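>>> sequence below, structure please.
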Amino acid sequence: MAGVTYQQEFLDSVIPEIKPLLEDHWKEIANHKDKIGLNPDWVTYKSLEADGGLKIFTARSGGNLIGYFVVVVNRGLHYRDHLFATNDVIFLTKEYRNTGLGHKLIEFAEKCLSEDGVTVLAINTKVNHPFDGLMEQMDYILTERVYTKVL
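Next up is the predicted model:
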């Protein structure tokens, strides 16, 4: 799609724009909304970013934020010679879905993370909002299942 750019950005510069998208994201896909409200821990996010453990990749159309892919990077506890990145959140506004932009955003992040020395990127999806087809198309393999329970 013409006019869409992909970049790595920093938390302080995207917080004002990301907040309304996070709210839309939460309303659309969060489980247990009646018990767990959206309340990001911006202090911890900033601390992770300052330590190199948080990477934010964005998609913009005409300069406007239309999507984000945020990952947490850690040295493997079982594999200390490797860096692992796990997605925290991934979102693309509805009008830009199924256009190939999500694929391009993930590809951009993969390139940046690889350049940073990351060995493995793990992307989790919600069962009630899967994008497994995209993951398989991009050569990701299903490696774990996660079960949750509200206590």
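>>> okay, how far is it across stretch 134-148, tip to tip?
24 Å (Cα to Cα, to the nearest Å).
>>> give me the buried stretch members for it, please.
Within stretch 134-148, the residues that count as buried by 16 or more other Cβ atoms under 10 Å are 134, 135. No exception for glycine: its C-beta is placed from N, CA and C like everyone else's.
>>> before we move on, what about stretch 109-128?
Quick answer for stretch 109-128 (16+ other Cβ under 10 Å): 109, 110, 112, 113, 118, 121, 123, 125.
>>> kindly report the same for stretch 71-83.
71, 72, 73, 83.
>>> now do the helices in the chain.
Taking DSSP state H to define them, one finds helices in the chain at 11-29, 42-50, 101-115, 132-137.
>>> which one's the longest strand in this protein?
strand 64-75 (DSSP state E).
>>> next, the angle helix 42-50 makes with that one.
70 degrees (axes from the mean of the first three to the mean of the last three Cα atoms, to 10 degrees).
>>> who are the packing partners of strand 64-75?
Counting contacts by 3 or more Cβ pairs under 8 Å, 6 or more residues apart in numbering; DSSP states H and E, strand 64-75 packs against helix 11-29, strand 54-61, strand 83-92, helix 101-115.
>>> and the first one with strand 64-75, angle?
Here helix 11-29 points in a direction 100 degrees away from that of strand 64-75 (the same axes, to 10 degrees).
>>> re earlier: quick check, nearest of the buried residues of stretch 71-83 to residue 130?
Of all the buried residues of stretch 71-83, residue 130 sits closest to residue 71, with 19.0 Å by Cβ to Cβ.
>>> wait, the closest one touches residue 83, no?
No - contact criterion Cβ atoms under 8 Å: residue 71 and residue 83 do not qualify, at 10.6 Å.
>>> overlap in contacts of those two?
Listed as contacting both residue 71 and residue 83 by Cβ atoms under 8 Å, 6 or more residues apart in numbering is no residue at all.
>>> where does pLDDT dip in the chain?
For the chain, applying pLDDT under 70 flags the ranges 1.
>>> hmm, back to that, which of the helices of the chain sits most buried?
helix 101-115 (a mean of 17; mean count of other Cβ atoms under 10 Å).
>>> I'd like the buried residues of stretch 71-83 laid out as a markdown table, including distance to residue 49.
Output for the buried residues of stretch 71-83, formatted as a markdown table (distance: Cβ to Cβ, whole Å):
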| residue | distance to residue 49 |
| --- | --- |
| 71 | 11 |
| 72 | 10 |
| 73 | 10 |
| 83 | 15 |
